[in-house]
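**Student:** this is a predicted model, with the sequence first.
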Amino acid sequence: METLHHSQTLSPNQCGSVVTQAIDAPLPLVWSLIRDFGVPQGYKQFVKRCDLSSGDGCCTGSVHELTVVSGLPAQRSTERLDRLDDDLHVMVVSIIGGDHKLMNYQSTVGDGVVCGGCTGG
């Protein structure tokens, strides 16, 4: 899984990381929570509120505006759904705005593996 969906070619001045987490639950249950782009607070504890600003949350190109909990170095983030594959259990999200320093950041989530890459900013 990791080599198929979580490999990335990094550009100069770009970093990447891989985070793994074992979840003791059936894949259909976990995927039902993760794949819901309109309700990321179901598994992202730092999200206080999510508002879809474009799309339905199930199709590529959907955009949501996140309000994050206080205490983090940002208050809001804008994210776009780039890929949602229910057969392979893969979701790719890009951060396209917000009051943080993440630039050119893309996250891939799937089958219990999460990875992201960001360009410093």
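**Tutor:** Okay, I see it. Numbers count the residues shown, from 1 in each chain.

**Student:** can you pull out the helices in the chain?
**Tutor:** 2-5, 27-34 (DSSP state H).

**Student:** buried residues, the last one. List them.
**Tutor:** Neighbour counts using 16 or more other Cβ atoms under 10 Å place 30-31, 34 of helix 27-34 among the buried residues. In short, each C-beta sits where N, CA and C put it, glycine included.

**Student:** the helices of the chain: lowest mean pLDDT?
**Tutor:** Ranked by mean pLDDT, those bottom out at helix 2-5, which scores a mean of 46.

**Student:** can you find the helix or strand in the protein with the smallest mean pLDDT?
**Tutor:** For the chain, counting by mean pLDDT, DSSP states H and E, strand 113-119 ranks last in confidence among helices and strands (a mean of 44).

**Student:** contacting residues for R83?
**Tutor:** 60, 90-92 (Cβ atoms under 8 Å, 6 or more residues apart in numbering).

**Student:** only the buried subset of those residues, as a ChimeraX command please.
**Tutor:** Applied in ChimeraX, the following selects the buried portion of these according to 16+ other Cβ under 10 Å:
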select :90,91,92
